[in-house]
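[1] just coords:
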């Protein structure tokens with residue numbers, strides 16, 4: 001007789017727990033720190049037994065409680081069979097956690113896993129369970145959605161970071177400062193995007209997707225959002241992911257110009273592998289993290305409270321997705337490619353090898369990843385919006401194909 005779907009899920013969950021340092025039994029002087037809700041005797045089980053059909057184990061197990069060094073519950077693991085979406089148990093598990101005064105919940109069916117900090121929004125996908133040390137660090141972290149909601153952001157939000165005297169300048173002095181000091185002010189659509197994220201975060205949303213045309217200032221907007229998270233107490237450190245070296249250098253240059261005078265420091269990870277933790281913004285290519293699975297050995301899942309993915313549909317595609325999901329902070333995706341960029345093109349006639357077919361799959365997957373299951377981004381400012389804006393933010397954009405434009 002084959003192993004049941006639920007038992008198979010528990011085998012996988014057991015291994016993941018053990019990989020994160022949790023123990024079912026005392027081992028070499030280290031005390032067991034996993035308790036099981038329905039364990040009613042002190043009968044010893046072999047580790048292998050824990051993966052068999054739990055419903056039939058004598059005095060067996062249903063759920064897991066993870067204990068801190070004082071033997072008190074610190075987290076709850078709710079296990080479901082492989083065929084069930086772990087989120088189906090969300091509300092039931094929340095009530096159970098609250099009854100035990102537990103802040104952290106893991107939901108898993110063995111293949112898909114969620115981490116849920118009850119003080120910080122909704123469950124988020126993860127690729128591993130947090131260790132007891134990582135949960136200890138998580139306990140020190142207190143999100144502040146009220147602080148986010150109360151922030152006042154206007155066009156000068158980055159300008160005053162670049163130059164603390166900015167607001168005292170006359171109009172003529174401001175014009176000169178923009179030229180001589182490259183002072184940047186936020187445009188109306190950038191303020192609108194920041195306001196949407198601020199409001200959604202305050203409602204408990206933790207994933208966002210900004211769809212903005214090339215040339216409309218995604219990096220400047222990113223700087224404003226980073227400052228917004230840090231200054232409101234909703235992030236201590238931010239990870240900025242890119243997929244090309246030139247974008248890495250460009251992002252560092254821009255963040256340094258926009259935020260360094262306001263004591264928000266940036267580093268490029270590959271150039272500061274041993275000092276990255278001293279900075280508020282860590283910039284890296286996804287390839288640097290994937291090399292030899294470096295992200296597993298050099299980072300903890302909760303090292304960053306905000307993860308920004310530039311050109312998201314490429315940065316987190318394929319095997320890179322597991323790296324992106326490894327980190328458990330809020331997630332912001334940036335893309336210049338609208339989902340309907342193939343509007344008017346008969347995708348059904350394309351071969352599977354057609355790059356447009358791949359692009360379509362990546363885009364659809366990206367929207368789902370950032371919580372936009374209805375196909376609508378958190379905020380959108382298209383190339384056509386930029387051209388039609390009065391005054392126009394971009395020059396004329398002659399059409400190069402049905403539904404496609406290029407910057408002149």
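    Structure received. Just so you know, these numbers come straight off a predicted model, no measurement behind them. Numbers count the residues shown, from 1 in each chain.

[2] CA atoms for contacts and neighbours, from now on please.
    Noted.

[3] Nearest spatial neighbour of residue 85, chain-adjacent residues omitted?
    Spatial nearest neighbour of residue 85, excluding adjacent residues (Cα to Cα, 6 or more residues apart in numbering): residue 109 at 7.0 Å.

[4] surely the one you found meets residue 87?
    No. The criterion here is Cα atoms under 8 Å, and residue 109 misses it with residue 87 at 9.6 Å.

[5] Look at those two and report which has more neighbours.
    Neighbours per residue (other Cα atoms under 10 Å) separate residue 109 from residue 87, with residue 109 holding more: 25 against 18.

[6] May I have the phi/psi pair for that one?
    Dihedral angles phi and psi of residue 109 (degrees, to the nearest 10) take the values phi -120, psi 20.

[7] Pull the contacting residues for it.
    In this structure, residue 109 makes contact with 6, 9, 10, 13, 79, 80, 81, 82, 83, 84, 85, 86, judged by Cα atoms under 8 Å, 6 or more residues apart in numbering.

[8] Residue 130 versus the last one, what's the distance?
    When Cα to Cα, to the nearest Å is applied, the distance between residue 86 and residue 130 equals 17 Å.

[9] Give me the buried positions along stretch 166-174.
    By neighbour count on 16 or more other Cα atoms under 10 Å, the buried set for stretch 166-174 is 166, 174.

[10] With stretch 251-263 instead?
    Going through stretch 251-263 with 16+ other Cα under 10 Å, the ones that come out buried are 251, 252, 255, 256, 257, 258, 259.

[11] So which residues make contact with it?
    Stretch 251-263 is touched from outside by 158-159, 161-163, 184, 219-220, 223, 227, 265-268, 283, with contacts defined as Cα under 8 Å, 6+ apart.

[12] List just the nearest of those residues to residue 146.
    When the contacts of stretch 251-263 are compared for distance to residue 146, the smallest value, 15.7 Å, is given by residue 227; criterion: Cα to Cα.

[13] OK, contacts around the residue nearest the centre of the chain?
    Among the residues of the chain, the smallest C-alpha distance to the mean C-alpha position (Cα atoms, centre = their mean) belongs to residue 331, namely 2.7 Å. Residue 331 makes contact with 206, 207, 208, 306, 307, 308, 309, 370, according to Cα under 8 Å, 6+ apart.

[14] Any idea what it is bridged to?
    On the basis of DSSP bridges, residue 331 takes part in beta bridges with residue 207, residue 307.

[15] And it, how close does it get to residue 125?
    Relative to residue 125, residue 331 is positioned 11 Å away (criterion: Cα to Cα).

[16] Show me the common contact partners of those two, please.
    Common contact partners of residue 331 and residue 125 (Cα under 8 Å, 6+ apart): none.

[17] higher neighbour count, residue 86 and residue 130?
    Each of residue 86 and residue 130 has its neighbours counted (other Cα under 10 Å); residue 130 has more, 24 against 21.

[18] For that one, which non-adjacent residue is closest in space?
    Leaving out its chain neighbours, the residue that sits closest to residue 130 by Cα to Cα, 6+ apart is residue 20, at 6.4 Å.

[19] Could you count how many residues lie near that neighbour?
    15.

[20] I'd say it and residue 131 touch.
    Yes. Contact between residue 20 and residue 131 holds when scored by Cα under 8 Å: they sit 4.9 Å apart.

[21] count of neighbours near residue 208?
    Neighbour count of residue 208, defined by other Cα under 10 Å: 24.

[22] got a list of what it touches?
    Contacts here follow Cα under 8 Å, 6+ apart; on that basis residue 208 touches 197, 331, 332, 333, 370, 371, 372, 377, 378.

[23] So which of the contacts of stretch 251-263 sit within strands?
    Cross-referencing the contacts of stretch 251-263 with the strands (criterion: DSSP state E) gives 266, 267, 268, 283 as the overlap.
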